[in-house]
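Visitor: Here is the input, now give the coordinates:
(2 chains)
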Amino acid sequence: MDRFLLGQYIYGNSYVHRLDPRAKLLGTFAFIILIFLANNFWTYGVIVLFTLFAAYMTKISAKIYWQGLRPMLWLMIFTVTLQILFTSGGDIYLKWGIITISQYGIINSIFILVRLSTIIFMSTILTITTPPMLIADAFASLLKPLKKVKFPVDQFSMICSIALRFVPTLMETATKIMNAQRARGASFNDGNIIKRIKSIIPMLIPLLINSMKIAIDLAESMTARNYQLGEPRTQFRRLRWHKTDLYVLYYFAILTLLLIVLRRF
Amino acid sequence: MMTTKVQLLTETAIMSALAIVFNYLVLFQMPQGGSVSLTFVPIILLSLKYGLLTGSISGLITGVISLVFGGYFLNPIQVLFDYILAFALIGLAGIFSAQFKKALKQKQSKKAGFTVIMGGLVGGIFSLISHFLAGIFFYQSFAPEGQPVWLYSLVYNSSYVIPDTILAIIIVLILINRIPSFFIKS
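Guide: Below you'll find the predicted structure:
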């Protein structure tokens, strides 16, 4: 259940934890774009060092990062195997039918492995050091320029906050209803497709009615507290941009320069 | 008048939250092995009830929050197609909203059912296209040259989008008969 309250967030007080979520979000996006500048051993080396340094700064154990990497393991093995078996070029070490193991294939698969795992590392760093609420706030804050084109940014971020707030509640309700129906003899995992679909309905209808009730009650209490659509609002959690956050952007600027210089070698 | 607008906001939020819950709650495993989720159901319900815009916003928020809860950013275009557009496009079911509500009001359940099927299919197909493109953009940078990237993407993505869409259509069809009051704006 905690997973839904906090996402993958792990409490801590490291340098990375204390950064403004906007800086971390921007940094992660920048990193994902920057990684496509890497094209040789030097540039990939810099990327790996940068990632490991960032991970080290979070003061979170390597085991946690491994857990973040694990769901993608099969995808990684699959793409790497494809690369090794079907890319040709350079010295050829083995040729058997359509399968060729070549120098380029091996180099390419190493690069791809590095690219995939560093991207996953970086996004794990973001979600591990920042609670989901703050990421959503940061996202809404970065959308602010869209106000110019009349996009209702405030309403959008309000919907986001409410949705985030109620995910754990609804998860609990859903589990409770499913258990209640199980106690009455319902089974969600038996029988043919038709029987299974039928078993969803007695779970879904109470859940939907419950959710509607939550929405109506919430709207009423918001109106009672004089919530005005589209009016400026103050925030409980305020994002503050510090000097250290600016440094993060400098680090990324240095990384960009390094990559641009090193990719020529 | 104001109440309904605030309620539209809270309803969108709660339905998005429900879609996220369904995204994580694996209801049952298909006989072939893949898992089926009800993620599409709340978004399609909202789209039919309030139309294209509300449905798409709900989908958009579902996508953004799934990403925040630990999705995978592999490259910016993949994120755009996989998390932002794929969910927002389910809201396209809302283009049948007016016809759906008219049919429901006149108690023409067959016609209402038809709009549900059409809406669900449109939402599902466009969501599949978006996931499919995301897959292509993803594999383009990782698969060896000359591999049928589009085929991998099509096979992988349709393996869960198609069952989810069909399930959502069936469920919504049952729901409009069981709780028609849900679709009438209070």
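
Visitor: worst-scoring helix or strand of chain B, pLDDT-wise?
Guide: Of all the helices and strands that make up chain B, strand B:28-29 has the lowest average by mean pLDDT, DSSP states H and E, namely a mean of 62.

Visitor: Show me what the strand or helix carrying residue B:102 is packed against.
Guide: Assigned by DSSP states H and E, residue B:102 belongs to helix B:97-105. Applying 3 or more CB pairs under 8 Å, 6 or more residues apart in numbering or on different chains; DSSP states H and E, one finds that helix B:97-105 makes contact with helix B:40-50, helix B:109-140. Backbone N, C-alpha and C define where each C-beta goes, glycine included.

Visitor: Just send those helices back as TSV, with mean pLDDT, mean neighbour count and distance to chain A too.
Guide: Converted to TSV, the helices and strands packed on helix B:97-105 look like this (pLDDT from 0 to 100; neighbours: other CB atoms under 10 Å in any protein chain shown; distance: least, CB to the nearest CB, whole Å):
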stretch	mean pLDDT	mean neighbour count	distance to chain A
helix B:40-50	94	28	7
helix B:109-140	90	20	8
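
Visitor: Out of those, which gets nearest to residue A:138?
Guide: For the helices and strands packed on helix B:97-105, the distance to residue A:138 is smallest for helix B:109-140, at 23.1 Å, taking CB to CB.

Visitor: Is stretch B:171-181 positioned near chain A?
Guide: Yes - against chain A, stretch B:171-181 shows contacts by CB under 8 Å from any CB of the partner chain at B:171, B:174-175, B:178-179.

Visitor: Just the buried ones out of the residues you listed, please.
Guide: Buried members of the residues of stretch B:171-181 next to chain A, counted by 16 or more other CB atoms under 10 Å in any protein chain shown: B:171, B:174-175.

Visitor: From these, which land in helices?
Guide: Among those, DSSP state H puts B:171, B:174-175 in helices.

Visitor: Next, the angle from the host helix or strand of residue A:154 to helix B:40-50.
Guide: Secondary structure from DSSP H and E places residue A:154 in helix A:153-183. Inter-element angle recorded for helix A:153-183 and helix B:40-50: 120 degrees (by axes from the mean of the first three to the mean of the last three CA atoms, to 10 degrees).

Visitor: pretty sure residue A:191 is in a strand, no?
Guide: No - assigned with DSSP: H, G, I helix; E, B strand; the rest coil, residue A:191 falls outside any strand and is coil.

Visitor: In contact with it, which residues?
Guide: Neighbouring residues of residue A:191 by CB atoms under 8 Å, 6 or more residues apart in numbering or on different chains: residue A:199.

Visitor: From residue B:22, how far out is it?
Guide: Applying CB to CB, to the nearest Å, the value for residue A:191 to residue B:22 is 21 Å.

Visitor: How about residue B:128?
Guide: For residue B:128, the distance to residue B:22 (CB to CB) stands at 18 Å.

Visitor: Which positions in the helix holding residue B:102 come out as buried?
Guide: Across helix B:97-105, burial judged by 16+ other CB under 10 Å covers B:97, B:99-101, B:103-104.

Visitor: Kindly report the same for stretch A:66-78.
Guide: A:68, A:72, A:76.

Visitor: swap in stretch B:151-168?
Guide: B:152-154, B:157, B:160-161, B:163-168.

Visitor: For it, give the mean pLDDT please.
Guide: Stretch B:151-168 carries an average pLDDT of 87.

Visitor: So what touches that stretch?
Guide: So stretch B:151-168 is contacted by A:197, B:30, B:34-41, B:44, B:120-121, B:123-125, B:127-128, B:131-136, B:138-139, B:143 (CB under 8 Å, 6+ apart).

Visitor: Distance from the chain centre to that stretch, please.
Guide: Computed by CA atoms, centre = their mean, to the nearest Å, the chain-centroid distance of stretch B:151-168 equals 12 Å.

Visitor: Send me that stretch as PDB with only the CA atoms.
Guide: Extracted in PDB, the C-alpha atoms of stretch B:151-168 (Å, rounded to 0.1, in the frame of the first residue of the first chain):
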ATOM      1  CA  LEU B 151       6.200  -5.800 -36.200                       C
ATOM      2  CA  TYR B 152       7.700  -6.100 -32.700                       C
ATOM      3  CA  SER B 153       5.900  -3.000 -31.700                       C
ATOM      4  CA  LEU B 154       2.600  -4.000 -33.200                       C
ATOM      5  CA  VAL B 155       2.700  -7.500 -31.700                       C
ATOM      6  CA  TYR B 156       3.800  -6.400 -28.300                       C
ATOM      7  CA  ASN B 157       1.400  -3.400 -27.900                       C
ATOM      8  CA  SER B 158      -1.700  -5.100 -29.400                       C
ATOM      9  CA  SER B 159      -1.200  -8.000 -27.000                       C
ATOM     10  CA  TYR B 160      -2.500  -5.800 -24.100                       C
ATOM     11  CA  VAL B 161      -4.300  -2.900 -25.800                       C
ATOM     12  CA  ILE B 162      -6.700  -5.100 -27.700                       C
ATOM     13  CA  PRO B 163      -7.900  -7.200 -24.800                       C
ATOM     14  CA  ASP B 164      -8.100  -4.100 -22.600                       C
ATOM     15  CA  THR B 165     -10.300  -2.400 -25.200                       C
ATOM     16  CA  ILE B 166     -12.600  -5.300 -25.700                       C
ATOM     17  CA  LEU B 167     -12.900  -5.800 -21.900                       C
ATOM     18  CA  ALA B 168     -13.700  -2.100 -21.400                       C
END
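
Visitor: For the buried residues of helix B:97-105, give me JSON lines that also has distance to residue A:50 and pLDDT.
Guide: As requested, those are exported to JSON lines (distance: CB to CB, whole Å; pLDDT from 0 to 100):
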{"residue": "B:97", "distance to residue A:50": "49", "pLDDT": "92"}
{"residue": "B:99", "distance to residue A:50": "54", "pLDDT": "92"}
{"residue": "B:100", "distance to residue A:50": "52", "pLDDT": "92"}
{"residue": "B:101", "distance to residue A:50": "54", "pLDDT": "90"}
{"residue": "B:103", "distance to residue A:50": "58", "pLDDT": "90"}
{"residue": "B:104", "distance to residue A:50": "57", "pLDDT": "87"}
